[in-house]
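[1] what shape does this take:
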Amino acid sequence: MRFLTVNIMINEEKRKRSLKNSIWSGAFFSLMVGFGESFFGAFAVFLKANNFELSLLTTLPKTLGNISHIFSNKLLNLFKSRKHLISTLIIVQILLHIPIGLVYYFGKLQISFLIFFVTLYWICSQLILSPWTSWMGDVVHKEKRGSFFGIRNRISGLSSYVSFLLGGYILEHFSTSQIMEYYGFLILFLLAMIFRIVSLIFTLLQYEPKNSQFKEVNFNFIKFLSHANESNYGLFVLYISMMYFGVFICSAYFTPYLLIDLGFNYSLFAIISSASMIAKFSSMHIWGELCDNYGTMKVLALTGYIMPFVPLLWVFSSNVPYLIIIQLISGFLWGGFDMASFNFMYDVTNRKTRAVSVAYYNILIGILSFLGSMIGWVVVYFNSLPISSYLLTFVFSFVIRLMASLFFIQKLKEVRKVEKITGRGLLIKAFTIRPTSGFRYNLILFGERTISKLKKK
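    Next up is the predicted model:
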């Protein structure tokens, strides 16, 4: 596979302005996610999708979206600009909310067309990812990546959290009849479109040099796979892919477990689901700083060893406060895991091959995520044990995630010179033993610290 890369020199004032616009773009993008794609699964449940259809909806669109990275090079050749390519895909993504909302009128083909249009939606989303990652890698200073993406993700997380809670409230308010509930979903998808349009405006305001010189790079996917276990990045891709293989065994079944098995209403569903969001965005900046100071590998190892136990905790109780606590723990750990894996990918790739490396990373994740989902469906379909089929997938997910972490983490190596710290010490710094630092303080005073950091930018 051949991919285009770019060498650029950016004026510092343009860099700062572009980064601010990126933060705003991410915030409004996350409002779209909170009102829109976060409720695709709930919309499918409303349309009476069965377990197999829910599995397909959760993974097939993302799998095909990830595989579509193969075409990133041809599209970039066609558009000759990362900004133009990304903007065009965003417009298509905006318009796809219309047929997604209208599948209600498609009769027996409702779910089939929902999966089809959501697949197109995810293809656009994934095709954006590689050029966006390459673009941001050129704009963000290497030594400030953790801090910048920590701030950006915190603001984006707050946007997702607020919009998801409001979305749940809107659906609950409109759940007086079937047609009114459908109108509730239409309102959510309309809001998603509006906020994505605003996100597009801020994307267009970001800077991409006019004098960019593109060069072609040869980087073969089969060769990459055959030598994956010989390089730090290859082992990292295998680890993350196996982790998502475990995650997607159960990911399709959290929504039906809450809405069907436990019989929760949309408001309670939104409150429980969004608990992980608030924990994630409240911890993102802390994890970013810890990655900058102590290395991404320490954070990846700490969260990678603990996070697999989260789905297992769902088995022990359906008590609402208990589930909210589990979600808070999950969001806290996923915040660190995502931040570390994102920055580790930047650390172990170079500008020349970064975009195509990200493409192959997503292709492999997509394939294994789909396989994981199919295994989850098999577990649900053939379960004859006296336990909820959904909970059984949570147990399988726990086993696979733990095995992946135990096997791969010890093989990965930190590539930057960083301060040394024990895993226990890192956890203490993240969660806090002092009243004015760490996760707890950020959870309480999120707004004040975020505004302060933005002013410094």
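
[2] wait, isn't Leu402 in contact with Phe309?
    Yes. If you go by Cβ atoms under 8 Å, Leu402 and Phe309 touch, sitting 7.4 Å apart. Every C-beta, even on glycine, is put in place using the N, C-alpha and C of the backbone.

[3] higher neighbour count, these two?
    Neighbours were counted for Leu402 and for Phe309 using other Cβ atoms under 10 Å; Leu402 has more, 17 against 14.

[4] so who does that one touch?
    Pro308, Phe309 (Cβ atoms under 8 Å, 6 or more residues apart in numbering).

[5] pop out the phi and psi values for it.
    Main-chain torsions, Leu402, degrees, to the nearest 10: phi -70, psi -40.

[6] from the chain's centroid, how far away is stretch 329-348?
    Averaging C-alpha positions (Cα atoms, centre = their mean, to the nearest Å) puts stretch 329-348 10 Å from its chain's average.

[7] hang on, Pro311 packs against Val395?
    Yes. At 7.5 Å, Pro311 counts as touching Val395 under the criterion of Cβ under 8 Å.

[8] ok, those two, which is more surrounded?
    It is Pro311, of Pro311 and Val395, that has more neighbours when counted by other Cβ under 10 Å, with 26 against 16.

[9] that one - nearest residue in space that isn't next to it in sequence?
    Leaving aside its chain neighbours, Pro311 sits nearest to Phe394 (4.0 Å; criterion: Cβ to Cβ, 6 or more residues apart in numbering).

[10] tell me the pLDDT of that neighbour.
    For Phe394, the pLDDT comes out at 95.

[11] ditto for Ser318
    pLDDT at Ser318 comes out at 93.

[12] let's verify it: helix, strand, or coil?
    Secondary structure, DSSP: H, G, I helix; E, B strand; the rest coil: Ser318 is coil.

[13] what is the burial count for the closest residue to it other than its chain neighbours?
    In space, and not counting its chain neighbours, Ser318 is closest to Leu262: 5.5 Å by Cβ to Cβ, 6+ apart. Under the neighbour criterion other Cβ under 10 Å, Leu262 is assigned a count of 16.

[14] phi first, then psi, for Leu262.
    phi -90, psi -10.

[15] how close does it get to Phe254?
    11 Å (Cβ to Cβ, to the nearest Å).

[16] how about Gly336?
    Separation of Gly336 from Phe254 (Cβ to Cβ) stands at 20 Å.

[17] so the two - more neighbours on which side?
    Using other Cβ under 10 Å as the criterion, Gly336 and Phe254 rank with Gly336 on top: 30 against 20.

[18] just for the stretch 1-150 of the chain, where's the confidence low?
    1-10, 143, 146 (pLDDT under 70).

[19] if you set the cut-off to 90 instead, what comes out?
    1-19, 51-52, 54-56, 58-60, 62-63, 65-82, 126, 129-150 (pLDDT under 90).

[20] which residues in it form strands?
    All strands of the stretch 1-150 of the chain, identified by DSSP state E, counting those that start in this stretch, fall at 2-7.

[21] next one: the stretch 251-400 of the chain
    So, for the stretch 251-400 of the chain - with DSSP E, counting those that start in this stretch - there are no strands.

[22] pick out the residue nearest the middle of this structure.
    Asp338 (8.0 Å; Cα atoms, centre = their mean).

[23] next, the contact list for that one, please.
    Counted by Cβ under 8 Å, 6+ apart, Asp338 has contacts Asn153, Lys280.

[24] per-residue confidence at it, what does it come out as?
    Value for Asp338, per-residue pLDDT: 90.

[25] what's the distance between it and Leu235?
    Distance, Asp338 to Leu235, by Cβ to Cβ: 18 Å.

[26] and the helices in the stretch 201-350 of the chain?
    221-226, 232-250, 254-256, 266-294, 296-306, 310-313, 320-348 (DSSP state H, counting those that start in this stretch).

[27] so for His173, which of the ones you listed sits nearest?
    Closest approach to His173 among these is made by helix 266-294 (8.9 Å; Cβ to Cβ).

[28] enumerate the positions of the closest one that are buried.
    Buried positions in helix 266-294, judged by neighbour count with 16 or more other Cβ atoms under 10 Å: 266-292, 294.

[29] and the angle for that helix with helix 296-306?
    If you take axes from the mean of the first three to the mean of the last three Cα atoms, to 10 degrees, helix 266-294 sits at 140 degrees to helix 296-306.

[30] just how off-centre is helix 266-294 within its chain?
    Worked out by Cα atoms, centre = their mean, helix 266-294 lies 12 Å from the chain centre.

[31] over to stretch 394-411?
    On Cα atoms, centre = their mean, the centre of stretch 394-411 falls 19 Å from the chain's centre.

[32] Gln410: neighbouring residues, count only.
    Neighbours of Gln410 using other Cβ under 10 Å come to 9.

[33] tell me the confidence at the residue nearest to Ser318?
    Checking the pLDDT column for Leu262, the value is 91.

[34] could you do Lys453 as well?
    Looking at Lys453, its pLDDT reads 45.

[35] before we move on, what about Tyr305?
    For Tyr305, the pLDDT comes out at 95.

[36] what's the answer for Asn211, then?
    Reported pLDDT for Asn211: 42.

[37] right, and Ile271 touches Gly168 too?
    Yes. With contact defined as Cβ under 8 Å, Ile271 and Gly168 form a contacting pair (7.1 Å).

[38] only the buried residues of stretch 45-53, if you could.
    Judged by neighbour count using 16+ other Cβ under 10 Å, the buried positions of stretch 45-53 are Val45, Phe46, Leu47, Ala49, Asn51, Phe52, Glu53.

[39] please save the CA atoms from it in CSV.
    What follows is stretch 45-53, C-alpha atoms only, in CSV (Å, rounded to 0.1, in the frame of the first residue of the first chain):
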residue,chain,number,x,y,z
VAL,A,45,-34.1,-1.7,20.4
PHE,A,46,-37.0,0.7,19.8
LEU,A,47,-37.4,-0.8,16.3
LYS,A,48,-37.4,-4.3,17.9
ALA,A,49,-34.0,-5.5,16.6
ASN,A,50,-33.1,-9.0,17.7
ASN,A,51,-29.8,-10.0,19.4
PHE,A,52,-28.1,-10.9,16.1
GLU,A,53,-29.2,-7.6,14.5
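
[40] for Leu75, which residues are in contact?
    Per Cβ under 8 Å, 6+ apart, neighbours of Leu75: Leu85, Leu127.

[41] can we see that at 6 Å?
    Neighbouring residues of Leu75 by Cβ atoms under 6 Å, 6 or more residues apart in numbering: Leu85.

[42] look at His227 and say how many residues are nearby.
    11.

[43] same thing with Arg424?
    With other Cβ under 10 Å as criterion, Arg424 counts 9.

[44] measure it to Tyr305 for me?
    Per Cβ to Cβ, Arg424 is found 12 Å from Tyr305.

[45] same question for Ser30.
    Remark: distance between Ser30 and Tyr305 (Cβ to Cβ) = 28 Å.

[46] cheers, nothing more for now.
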